[in-house]
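>>> Next one to model:
(one chain, ligands or ions: 1)
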Amino acid sequence: MKVLWVVAHPEQRSLNSALREEGVHALTEAGHSVQVSDLYAMKWKAVVDRDDFTDGLDERFVVPNALVAAYNAGTAAPDILAEQEKIAWADTLVVQFPLWWQGMPAILKGWFDRVFAMGFVMDTRPHPGATPRYGQGELEGKRALAVVTTGHGAESYGPRGINGPIDQILFPLLHGTLWYAGMSVLPPVVVHRAGWMPEEKYPAAAALVRERVLAIEETAPLPFRYQNHGDYDDDLVLRPEIDADAGGLGVHYLG
Ligand SMILES: Cc1cc2nc3c(=O)[nH]c(=O)nc-3n(C[C@H](O)[C@H](O)[C@H](O)COP(=O)(O)O)c2cc1C
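I've put the predicted structure just below:
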C-alpha cells in the first residue's frame, strides 16, 4: 500500500503521537510506503482565505468557488498542492485525531477545507448526467481509515449513551467527506477513554491500531448507499419505497 497518514495532535509526547508511531512502524515493517502529514509539526494553515490563491482572486467568485478555479488552473497555494500530490500518490488515507468537542481538531478540519477542494475531489466541469459524488468521484478506488481517540468511555458512545453513537458523530467525516469524495471508507478505529490512559492499558490500544492498519486491504468498507445507483431521487432524497418511514443517518447504509 501507499499510505498517506494525516495526524492532528499538538504534542509529540501524546497518546496520539505514540499510536501514530505504532501504526506507521507496523506499515513500514510490513513493506508498505507511508508519508506522514503531521499538521501541527508542519504548522499547517487551517483557514481558507485569499492567500490561498497565488494567481490572485477572481473577484467574480466567492472564496470557495475561487478555490475550485485556482485548483483547476493549478494556482492554488503550494501547501495545498503539495497535500493534493500526496493524496494522488496514495492509495490509502489514514486520518488520525483526538475527538475534540465531538469533532476533529480545527487544524484537521482546515486540512479538509483547503485540500479537498471541489475541483480536486469532484470533477466540477459541466457534464451530462448525475454529479459524481457519494461513492463516486476523483478519489474513487482509494481507501480511507479514521483513527480516533476519545475521552469518554465506549458506553457513552453506545446507542443510549449521552454522547450519541460514535458512527453518527463521525458521519460528517466518514460519509459527508470521505465517501462524498468517492473513497471506500473502512469502519473507524476508536480508542475510548484515552485521556490520561494508564500505562497498563496502552499495549491493547497499540495492538488495536497495528492490527487494523495491517488489515486495511482485507477490511470490508462501510456499506454506504451510492448517490447514483438508483436509491435517491433527483433531490438526493432516499426513494420512498426504501426503508419507508425510516429517517436518520442509518438509512444511508445498505441493508
Ligand atoms: C479541546 C478538547 C475537547 C475535547 N472534547 C471531547 C469530546 O467531545 N468527547 C470526548 O470523548 N473527549 C473529548 N476530549 C478528550 C480527548 O478526546 C482525549 O483527551 C484525547 O482523545 C486523548 O488523547 P491524547 O492524550 O493523545 O490527547 C476533549 C479534549 C480536548 C483538549
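>>> Show me where this structure has its helices.
For the chain, the helices defined by DSSP state H cover 15-29, 63-72, 78-89, 106-115, 118-121, 166-169, 171-173, 202-214.
>>> Single out the most deeply packed of these.
Here the criterion is mean neighbour count by mean count of other Cβ atoms under 10 Å, and of the helices of the chain the winner is helix 118-121, at a mean of 22. (C-beta placed from N, C-alpha, C; glycine too.)
>>> Contacts for it, please.
Helix 118-121 is contacted by residues 64, 67-69, 71-72, 84, 87, 124, 137-139, 180-182 when judged by Cβ atoms under 8 Å, 6 or more residues apart in numbering.
>>> just how off-centre is it within its chain?
Its chain's C-alpha centre and that of helix 118-121 lie 14 Å apart, by Cα atoms, centre = their mean, to the nearest Å.
>>> if I read this right, Leu15 contacts Thr149, doesn't it?
Yes. At 6.2 Å, Leu15 counts as touching Thr149 under the criterion of Cβ atoms under 8 Å.
>>> Identify the contacts common to those two.
Pro98, Val191, Ala194.
>>> Return the backbone torsion pair for the last one.
With angles defined as degrees, to the nearest 10, Ala194 sits at phi -90, psi -10.
>>> Around it, how many other residues sit close by?
22 (other Cβ atoms under 10 Å).
>>> got the contact list for it?
Contacts of Ala194 (Cβ under 8 Å, 6+ apart): Leu15, Pro98, Thr149, Thr150, Gly151, Ala205.
>>> which two from those end up farthest apart in space?
Gly151 and Ala205 (13.7 Å; Cβ to Cβ).
>>> weakest of the helices of the chain by average pLDDT?
Lowest mean pLDDT within the helices of the chain: helix 63-72, at a mean of 68.
>>> Local confidence estimate at Gly247?
The model reports Gly247 with a pLDDT of 86.
>>> Give me the phi and psi for it.
phi -140, psi -160.
>>> ok, how many other residues are close to it?
Neighbours of Gly247 (other Cβ under 10 Å): 8.
>>> and if you look at Gly182?
Residues lying near Gly182 (other Cβ under 10 Å) number 21.
>>> hang on, it packs against Glu140?
Yes. At 3.6 Å, Gly182 counts as touching Glu140 under the criterion of Cβ under 8 Å.
>>> Report the set of residues contacting both of these two.
Pro132.
>>> how about the nearest residue to Pro159, chain neighbours excluded?
Of all residues beyond its chain neighbours, the one nearest Pro159 is Pro165 (6.1 Å), with distances taken as Cβ to Cβ, 6 or more residues apart in numbering.
>>> can you count the residues close to Gly135?
By other Cβ under 10 Å, the residues close to Gly135 number 20.
>>> sorry, back to before: the ligand next: which of the contacts of Ala194 are close?
Leu15, Pro98, Thr149, Thr150, Gly151 (Cβ under 6 Å from any ligand atom).
>>> In CSV: those, plus distance to Ala8.
Output for those, formatted as CSV (distance: Cβ to Cβ, whole Å):
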residue, distance to Ala8
Leu15, 13
Pro98, 8
Thr149, 11
Thr150, 14
Gly151, 16
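>>> Filter these down to the ones in strands?
Pro98, Thr149 (DSSP state E).
>>> among the ones next to the ligand among the contacts of Ala194, which ones are buried?
The neighbour count (16 or more other Cβ atoms under 10 Å) marks Leu15, Pro98, Thr149, Thr150 as buried among the ones next to the ligand among the contacts of Ala194.
>>> show me what contacts the residue of the stretch 151-255 of the chain found nearest the ligand?
The stretch 151-255 of the chain approaches the ligand most closely through Gly151 (2.9 Å), counting by Cβ to the nearest ligand atom. Gly151 makes contact with Leu99, Arg193, Ala194, Gly195, according to Cβ under 8 Å, 6+ apart.
>>> could you redo the last one with a cut-off of 7 Å?
Residues near Gly151 by Cβ atoms under 7 Å, 6 or more residues apart in numbering: Ala194, Gly195.
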